[in-house]
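# Pasting the sequence and the predicted coordinates here, then a few questions.
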Amino acid sequence: MSIFHFISDFFSQSAHWHGYDGIPQRLWEHIQYSMLAMAVATGVALPVGLVTGHTGRGGNALALLATAGRALPSFGLLVLLFVIIGLGLLPVMIPLVVLAIPPILVTTNEAVRSVDPAPVDAARGMGMRPLRILAQVELPVALPLILSGLRSAAIQIVSTATIAAYVSFGGLGRYIVDGLYQRDYEQVVGGATLVAGLALATLGAFWLAGRLAVSPGVRHR
Amino acid sequence: MGIVTDSRIHGRRSRAAAALIAATAAVALLGACGSSGSGGDGNPLAPAKAAAGQVVVGSNNFAESILLADIYGEALKAKGLKVSYKPNIGSRETTYGLIKNGSLTVLPEYNGALLAYLDPKAVPTSADATDSAAAAKLDPALQLLRHAAAEDKDAVVVNQGTAAKYHLTADSSIADLASAAHELVLGGSPEFQTRQQGVLGLKSVYGLDFKSFKALDAGGALSEAALKKNDVQAADLFTTDFTIAKEKFITLKDPKNLFGFQNVVPLVRKDDLPQKGVDALNAVSAKLDTTTLLDLDTKVQADKKDPLDVATEWLKSVGLS
């Protein structure tokens, strides 16, 4: 039994394509968990990264905090929170958000801080207010780097959202966790393939977003 | 130029370090050979045979097995036998091999799990049938003694709220849940959902149709937490799980033996255990039931008492020490 055999078996079974345990449903659940975690993480980390990058203050403290956050094991955090909080989406979301904040925060801060000072000075000389400088000069210039931070956060969330299945939720992790416990390796391989595929699709989505959003003048590669 | 000199110094230093490590290892190895040589065996890799007249009690790598080994071992000691312990060894795959080759004399076992290991296809219908089926497959040097009433197996457990709502007591069976099951959420490990000894059997044998199933873990921290917080109203836990006593959960009886038999039973080497030792172990098994074992497990796992103290204390209380 090769891995490709497992994959073709998994995807050729019609039972895997509909119902509450079908691939479309599980894929949709996985995307929902990922989007929710991504929205919360971005909502927290992006403004903080922009402001600290703009003012150039607190960068070291942020880096320290972000490194500490990265060191937290998602799985351990999940089980701990489950035992404390109980069954619900919150114990799943917290580890995912904690995982995604560091890359967004650090790259955004770094991206804004390393914007060429010449255009920023020029904008200030033209009488722009700080908020406008941030929105109209620093953000567009820093956007490629900010997007790369968001991208790595999104990919980490997509691949880690599988842990939701460990505490009885759905998503693509369901196939992996159930398959492992039930010794049904076809499911494990199929689930892993789907997660990898979704991660690649996320990569593609960010590439597209970069093409559309980044100003041609800034896009130097 | 400077870089070259640096790398040379560095190279010399690391070579010296490597030589030092090698020398230390060699000394340690020689020491090890010397000590085993004095044992008189010659081959340092040969299994350590129990000395004549010495009873070696082994246990698997979980708390209850260690406690049971202490209970059986101390009972042997009380009858004047020379006992030594090899606790916390590993899984059945390892310990069965060790008792087969004579490194262990006594090993606490569970009859159903042992039978499943020796003959995965067997479907026994009583605890005695489980014993005899396992005995038939045992290595000729080994023997199963009398099993205890104490069992450590899967059980449907409900929390206090559920028990109060549907008037369930310690005497209630799984069947009493039949009319209420459609209002209840069941928790268990993911494999519990697809096993005959799980959701399938609960439906076909007892007619239980739960509202939904939450895939958690096999009687571990997740299932216990979910049941405690009433996220699930019933869960698959193990009968000697100390949280059952701690949280006052109710274990439902399994009169149709859906979950099989997992009685505690001592597995022994026939030739290395004298008759008075066999009698001592049988006397312990006669006194040990699930409630007692759960109580002793709680003392060890929840109250963090030394299993050896718990064992001697209990033996004294039932007059076996």
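All right, it came through fine.
# show me the residues around residue A:44 that make contact.
Neighbour list for residue A:44: A:97, A:101 [criterion: CB atoms under 8 Å, 6 or more residues apart in numbering or on different chains]. C-beta here means a position set from N, CA and C on the backbone, and glycine is covered the same way.
# Kindly provide the distance from it to residue A:200.
Residue A:44 sits 27 Å away from residue A:200, going by CB to CB, to the nearest Å.
# Give me every residue in the stretch 51-200 of chain B lying close to chain A.
B:187, B:189-191, B:193-194 (CB under 8 Å from any CB of the partner chain).
# May I see the residues you listed arranged in CSV, with secondary structure, neighbour count and pLDDT as well?
What follows is those, written out as CSV (DSSP: H, G, I helix; E, B strand; the rest coil; neighbours: other CB atoms under 10 Å in any protein chain shown; pLDDT from 0 to 100):
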residue, secondary structure, neighbour count, pLDDT
B:187, strand, 29, 94
B:189, coil, 22, 90
B:190, helix, 24, 88
B:191, helix, 17, 86
B:193, helix, 18, 89
B:194, coil, 13, 86
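# which one among those residues gets closest to residue A:194?
residue B:190 (17.5 Å; CB to CB).
# right, and the closest one touches residue A:176 too?
No - taking contacts as CB atoms under 8 Å, residue B:190 lies outside contact range of residue A:176: 10.2 Å.
# May I have the residues that are in contact with residue B:269?
B:99, B:102, B:104-106, B:141-143.
# Contact partners for whichever residue of the stretch 101-250 of chain B sits closest to chain A?
Residue nearest to chain A within the stretch 101-250 of chain B (CB to the nearest CB): residue B:231, separated by 3.4 Å. Each residue near residue B:231 by CB under 8 Å, 6+ apart is listed here: A:86-88, B:185, B:187, B:214, B:225.
# Selecting buried members of these in ChimeraX, what would you type?
Under the burial definition 16 or more other CB atoms under 10 Å in any protein chain shown, those of the contacts of residue B:231 that qualify are selected in ChimeraX by:
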select /A:86,87 /B:185,187,214,225
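# could you redo the contacts of residue B:231 as JSON lines and give each row distance to residue A:11?
As requested, the contacts of residue B:231 are exported to JSON lines (distance: CB to CB, whole Å):
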{"residue": "A:86", "distance to residue A:11": "36"}
{"residue": "A:87", "distance to residue A:11": "31"}
{"residue": "A:88", "distance to residue A:11": "32"}
{"residue": "B:185", "distance to residue A:11": "32"}
{"residue": "B:187", "distance to residue A:11": "31"}
{"residue": "B:214", "distance to residue A:11": "27"}
{"residue": "B:225", "distance to residue A:11": "36"}
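# so which of the contacts of residue B:231 would you say is closest to residue B:161?
Nearest to residue B:161 among those: residue B:185, at 12.4 Å, using CB to CB.
# For the spatially closest residue to that closest one that is not a sequence neighbour, give me its contacts.
For residue B:185, ignoring the flanking residues on the chain, the nearest one in space by CB to CB, 6 or more residues apart in numbering or on different chains is residue B:232 at 4.7 Å. By CB under 8 Å, 6+ apart, residue B:232 lies in contact with A:87, B:184-187, B:214, B:216, B:223, B:226.
# coming back round to it: show only the entries of the contacts of residue B:231 found in helices.
Within the contacts of residue B:231, residues falling in helices by DSSP state H are residue B:225.
# Now, the contacts of residue B:231 that are in strands?
Using DSSP state E, the subset of the contacts of residue B:231 located in strands is B:185, B:187, B:214.
# First-to-last residue distance for stretch A:47-67?
Start and end residues of stretch A:47-67 are separated by 19 Å (CA to CA, to the nearest Å).
# What residues of it count as buried?
A:48-54, A:59, A:62, A:65-66.
# Show me the shaky parts of the stretch 51-200 of chain B.
B:51-52 (pLDDT under 70).
# shouldn't residue B:263 be in contact with residue B:127?
Yes - Residue B:263 is in contact with residue B:127 according to CB under 8 Å; the separation is 5.3 Å.
# Quick check: residues of chain A near chain B?
A:79, A:82-83, A:86-88, A:165-168, A:174, A:177-178, A:181-182.
# let's see it at 10 Å
Listed as neighbours of chain B in chain A under the rule CB under 10 Å from any CB of the partner chain: A:78-80, A:82-88, A:165-170, A:174, A:177-184.
# Give me the buried subset of those.
Neighbour-count burial (16+ other CB under 10 Å) is assigned, among the residues of chain A next to chain B, to A:78-79, A:82-83, A:86-87, A:165-170, A:174, A:177-179, A:181-182, A:184.
# tell me which element the nearest residue to residue A:107 once chain neighbours are set aside falls in.
Sequence neighbours aside, residue A:149 is the residue nearest to residue A:107 in space, at 2.8 Å (criterion: CB to CB, 6+ apart). If you go by DSSP states H and E, residue A:149 is part of helix A:139-160.
# Buried ones in that helix, by neighbour count?
So helix A:139-160, judged by 16+ other CB under 10 Å, has buried residues A:139-147, A:149-160.
# quick check, nearest of the contacts of residue B:231 to residue A:18?
Out of those, the member with the shortest distance to residue A:18 (by CB to CB) is residue B:214, at 22.4 Å.
# where's that closest one relative to residue B:269, distance?
In terms of CB to CB, residue B:214 sits 45 Å off from residue B:269.
# Same check on residue A:168?
Residue A:168 is 45 Å from residue B:269, by CB to CB.
# So which residue is dead centre in chain A?
Nearest residue to the geometric centre of chain A (CA atoms, centre = their mean): residue A:154, 1.8 Å.
# which residues touch that residue?
Residue A:154 makes contact with A:34-35, A:37-38, A:41-42, A:100, A:103-104, A:199, A:202-203, A:205-206 under the criterion CB atoms under 10 Å, 6 or more residues apart in numbering or on different chains.
# cutoff 7 Å now
Taking CB atoms under 7 Å, 6 or more residues apart in numbering or on different chains, we find residue A:154 in contact with A:38, A:202, A:206.
# Which residue comes closest to whichever residue of chain A sits closest to chain B once chain neighbours are left out?
Nearest to chain B in chain A, going by CB to the nearest CB, is residue A:87, at a distance of 3.4 Å. Nearest residue to residue A:87 in three dimensions, chain neighbours excluded: residue B:231, at 3.4 Å (CB to CB, 6+ apart).
# tell me the secondary structure for that neighbour?
coil (DSSP: H, G, I helix; E, B strand; the rest coil).
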